[in-house]
Every structure is written in structure tokens, then in C-alpha cells.
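Visitor: predicted model and sequence follow; I will ask about them next.
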Amino acid sequence: MNALILQFRDFFVSLKLTIVLLALSIILVFVATVDQVNLGIWAVQQKYFHSLFVLWRVGDVPIPVFPGGYLIGGFLLTNLICAQAYRFKLSAKKSGIWLTHIGFIILLVGELFTGVLQEEFALRLDEGQTRNYSESYRSNELAVIDTTDPKFDEVVVIPEKFVARGEPIQQPKLPFRVVPKIYYPNAALAARDANVPGTPPTPATTGIGLQATSTPLKITYKQDERNTPAAYVELVGSEGSLGTWLVSADPRFPPQSFDYAGRSWKIAFRFERSYKPYSLTLIDFSHDRYAGTEIPKNFSSRIRLNTPDGVDDREVLIYMNNPLRYAGLTFYQAGFENDDKTTILQVVRNPSWQMPYIACTLMTLGLLIQFSIHLVAFISRRRLIATVAA
């Protein structure tokens, strides 16, 4: 038993393991960089770095073909900790190495936390508009909204992955079942005229789906594009079907209204929302250009931050390299639309955002200390040799 434990220890302490892991990391980064042309940054991160294995599909079967970032990083972290514990004794002469390794360990752990915990959303605001929620870049949801009370909307949301499964969904707050019939991960919408000969039938039996059609598109991975899924969804009450609706995450596709069980409802496929206990209002958006050109020079958003209890009610100027940090979120100026009347803020939650700074500071300090120790020892030896020679 002891021999087996020693073998495991020797394996994880081994310098050969370090070299192999670094080589695998180089290969992984190279392949991911090449594949970024096809998949885009986000998809490459998920496929190569935020995974245990890189998977290739043979038909519908995913086959692991290479260790992913989490696996390589996990082994590298274990290797570094074991080597630190068994190979480097804590002493003044090794203090720089200890600080450097501790900084590197914090850097690896910080990257793991970032991959697992970080969330990114977008907040679009027209001048004068107020919102208390941001929207996901990639995730969508089916929202069924009870609008009976004019002062309050009760919303039930169904994540996109459940719509994609096509299985009936019964939510306790809804007096009907939601039955996804057809789901397209990316689709284009077009007008439909049933009076034109050869017009294909539509699965929709009510709502806008009678005048519109949805055509599936190839999933896009480009950084400046996003998929707009669509679905045909049937609602089934105790008396039978209430109809089949066409819903789409395209922002131009409006929510659809209907009445049932003495209440008013809306149904919509939309970008996943993250609500906040405060609101932001766009007071003014400024977009400066270099004189005589259309090249952006600077763009900024003057925002009013307001909480319902009135504790926070202030104006904030957000511009490039000057984000707003509030309640664990960071609001970056990301872009603009609609002839400079709409601002786009990137909203990021990253609890571990300080860890890379701490790691780099420790590694820099450790390298400086270790260099200084060797420099002082070198100068001392030279003086000793000069003294003996004299």
C-alpha cells in the first residue's frame, strides 16, 4: 500500500509530468486558435478549455480525442502543489520560488473559478429608457406571462434546453401544459401568405404563426452574430388544446396575447433575463469621432442608478476603460446602435476577478526576491574571490 502511495506521489511530483502537461497545453492552444476561425471565441472556450476532454462527433456519438483545459489544468495544478510540498523546502533562500509558485497556483485556481462562475449579459438602453434587467448573449427562455394585474406581471420562464427536448412541461403556476412541437436552434422568419398557391402548411394554429413562417438556419459561431431560435409550442388546458403558437427569440418578434381561465396571458421566446433589485436609466449617450472621419474616438453613457429604497440615486459616467462596479457586477461600455441613441453595456459577474492581479503580483515579487537572493550571493562570492586573490 505504501509503495502504491509512493508511486502516485512520484508520478505527480515528476518534472517529466510537468513537461508533458506544458506540451499538451501548447498543442491545445494551437489547435483551439486554428479552430477559432470556424467556431468563434465562445465556442472554442467551451470545447477546448472549459472541458475535461475535447470531443469529436462520430455521427451522434461524442468521442474524446484530446485532454481539455480543465483536465490539463487540474493535473498541472496537482503537479505544482505536490512538487512544492515535496521538492522545495521552505527556507529564506527559496522564498522567491515559493511566492512564484503560490502566485501560479492562484492564477490556475482563478481561471477555474472564472470559467465556472463568470456570467456575461448585455444591457441595451435607449436614451430615456429605464431597465432593471440585462439579457444573455447566448441563452434564451420561453416566457409565459400573466398580465391580468395591470400593476404586476407574474412570469414563468422555461429555459431553452427544456424547449429543445420537446417534452411536455407542466409548471404548477400555469393552468395549462406547455408542449414544444418543433424547435430550431437558429431560424429566419418570413411573411407567409396562405392565399399564394404552393404555400406550405404551418404547424401554427393561432397567433402570428398564421402569417409568418420559420426556416431553420445553420448555427452561427461568429463573434458578432448570435443565434435566434424559434419553436412551435402548443398549450394544452384541461378542456383540450388552446392552440399552437410560433415563437421566436428575434427581438422584432413581439409577445403574443391570449385569454384563458379568466386571465390574460402573453407568450414569448426571448433572450434570458437577469433581473436586478435596482434600475438603470440612460440619460445621454455620446459618440465622438475623429474629425473628418467616421472612425470612433470615444463613446460614453451617462447613467442614473436608482434603488427602490432611495439609498442609491446617482449619476454615473461609463466609458471605455472606466466601467461601473456595483453589487458584484461590472458594467462596461461595449457598443451602440440606432444612430447613437442606444447604448450597449456588457454586464459581467466574476467573483474571482481580483485573483489574476494577486497572482501576477506574487509571481513578480517572487521573481524579484529570487533574483535578488542570487545577485547578492553572486556579489558576495566575487568579493570573497577578490579578497583571497589580494
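Guide: It's in.
Visitor: quick one: contacts for V54?
Guide: L28, V31, K47, Y48, P64, V65, F66, P67, G68 (C-beta atoms under 8 Å, 6 or more residues apart in numbering). Any C-beta I mention is one placed from the backbone N, CA and C, and that applies to glycine too.
Visitor: I'd like to know how far the last one sits from A359.
Guide: Read that as G68. 22 Å (C-beta to C-beta, to the nearest Å).
Visitor: next one: the third one
Guide: K47 sits 25 Å away from A359, going by C-beta to C-beta.
Visitor: surely A190 is in a strand?
Guide: Yes: assessed with DSSP: H, G, I helix; E, B strand; the rest coil, A190 lies in a strand.
Visitor: so what's the residue count around it?
Guide: Counted with other C-beta atoms under 10 Å, residues neighbouring A190 total 9.
Visitor: cool, and R270?
Guide: Count around R270 with other C-beta under 10 Å applied: 19.
Visitor: would it count as being in a helix?
Guide: No: going by three-state DSSP, the assignment for R270 is strand, not a helix.
Visitor: L123 versus that one, what's the distance?
Guide: 14 Å.
Visitor: same check on S136?
Guide: Counting by C-beta to C-beta - S136 and L123 are separated by 11 Å.
Visitor: more neighbours, those two?
Guide: A count of neighbours by other C-beta under 10 Å puts L123 above the other of S136 and L123, at 23 against 19.
Visitor: what packs against the helix or strand harbouring the more buried one?
Guide: Element membership for L123 (DSSP states H and E) is strand 119-126. Packing partners of strand 119-126 (3 or more C-beta pairs under 8 Å, 6 or more residues apart in numbering; DSSP states H and E): strand 130-146, strand 263-289, strand 329-337, strand 342-349.
Visitor: distance to P185 and mean pLDDT added to the ones you listed, as a markdown table?
Guide: Output for these, formatted as a markdown table (distance: least, C-beta to C-beta, whole Å; pLDDT from 0 to 100):
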| stretch | distance to P185 | mean pLDDT |
| --- | --- | --- |
| strand 130-146 | 10 | 93 |
| strand 263-289 | 12 | 92 |
| strand 329-337 | 24 | 89 |
| strand 342-349 | 24 | 92 |
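Visitor: so which of the ones you listed is nearest Y86?
Guide: Nearest of the helices and strands packed on strand 119-126 to Y86, taken as C-beta to C-beta: strand 342-349 at 37.8 Å.
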